[in-house]
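Novice: got a predicted model here, sequence first, then my questions.
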Amino acid sequence: MQEGQPIVGNTSPEQAGGRVRLPRGEEKIGVLVSRLGANRMEVRTMDGKTMNCRVPGRFKRSMWLRPGDIVLIEPWELDKSKADVIFKYNSSQIIQLKKRGLLTGKAGGF
């Protein structure tokens, strides 16, 4: 897609490959390892830590997650071993993250 060209149809800039949501503040990128039930899941972050995560109520219906998905998580303020899943990356966004060097570390599979 050339610069200055409008995006046609229902394609958002993120889907067109232009912008990718990057971690801000304490947010981390991770790989969903397993689903534990009751909206809980195990996520391995890029620095090798395993965190117990949940999907907040506002995302339950719109965000379907499976093991192997790349997600953006935000650690809780009081307990840093737990986090909320706040974003799921699609395949074109994962390619952009690889180009930027953000999908490296002990998480594996890249």
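Specialist: That came through fine.
Novice: in the protein, which residue is most central in space?
Specialist: Closest to where the C-alpha atoms of the chain average out (Cα atoms, centre = their mean) is Val71, at 1.9 Å.
Novice: beta partners of it?
Specialist: Beta-bridge partners of Val71, counted by DSSP bridges, are Gly30, Lys88.
Novice: now do the contacts for it.
Specialist: Val71 sits next to Ile29, Gly30, Val31, Leu32, Val43, Cys53, Leu65, Val85, Phe87, Lys88, Tyr89 when contact means Cβ atoms under 8 Å, 6 or more residues apart in numbering. For the C-beta atoms, the positions are set from N, CA and C on the backbone; glycine is no exception.
Novice: from those, which has minimum pLDDT?
Specialist: Ranked by pLDDT, these bottom out at Leu65 (89).
Novice: correct me, but that residue touches Ser34?
Specialist: No: the criterion here is Cβ atoms under 8 Å, and Leu65 misses it with Ser34 at 10.8 Å.
Novice: hang on, the earlier thing: nearest to Leu78, of the contacts of Val71?
Specialist: Nearest to Leu78 out of those is Cys53 (Cβ to Cβ; 15.1 Å).
Novice: part of a strand, is that closest one?
Specialist: Yes: under DSSP: H, G, I helix; E, B strand; the rest coil, Cys53 sits within a strand.
Novice: run a quick neighbour tally on it.
Specialist: 26 (other Cβ atoms under 10 Å).
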